[in-house]
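**Student:** quick one, fold the following:
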Amino acid sequence: MSNAATPPVSAAELRRRVRAVEALKAKTRETAVATVLSTREGAEKAALAKEEADLAAREAAAAALRLFDNDADLVAELLGVSAEELERDAKPVTAARAKEVIEELRARADRPRTRRTRTSRTEATAAPAAPAAVVSADDGTVDAA
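**Tutor:** Presented below is the predicted three-dimensional model:
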């Protein structure tokens, strides 16, 4: 391949191309850093959510055992887990916290549930829409409200 076939490139064009390459590299670095930061933030949020879910699961296991008079075999059979796993999960939860969880459950069970009535689709489509109110001005023109 000979250099005679390619047209010469001016110094200004070379500087422009170098600046473009450097700008692309900078943008790539910025994107990489932003990706790392957002991924780490997502991982931190997920870890926090997992910790909260694990705590809630341990508290629920302790409450269930307490409600079933600490019959780990029965509760384990109902939940489909081993009794050892259930006891291991419930052990770090204090008796006072288990009582609080039970009280929260009882309070939630005592609340009356509100039920929304659903209209069937045929009733909704059969009912005509209310017409817009029409107001007549003094000069005889009609204005829709």
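
**Student:** which strands or helices does the helix or strand where Glu77 lies pack on?
**Tutor:** According to DSSP states H and E, Glu77 maps onto helix 72-79. Helix 72-79 is packed against helix 11-67, helix 83-90, with contacts defined by 3 or more CB pairs under 8 Å, 6 or more residues apart in numbering; DSSP states H and E. Quick note: C-beta positions are derived from backbone N, CA and C, even for glycine.

**Student:** nearest to Glu103, of the ones you listed?
**Tutor:** Nearest to Glu103, of all the helices and strands packed on helix 72-79, is helix 11-67, at 9.6 Å by CB to CB.

**Student:** what angle separates the closest one from helix 83-90?
**Tutor:** For helix 11-67 against helix 83-90, the angle by axes from the mean of the first three to the mean of the last three CA atoms, to 10 degrees is 110 degrees.

**Student:** ok, back up a step: now the angle from the helix holding Glu77 to helix 11-67?
**Tutor:** Going by the same axes, to 10 degrees, helix 72-79 makes 130 degrees with helix 11-67.
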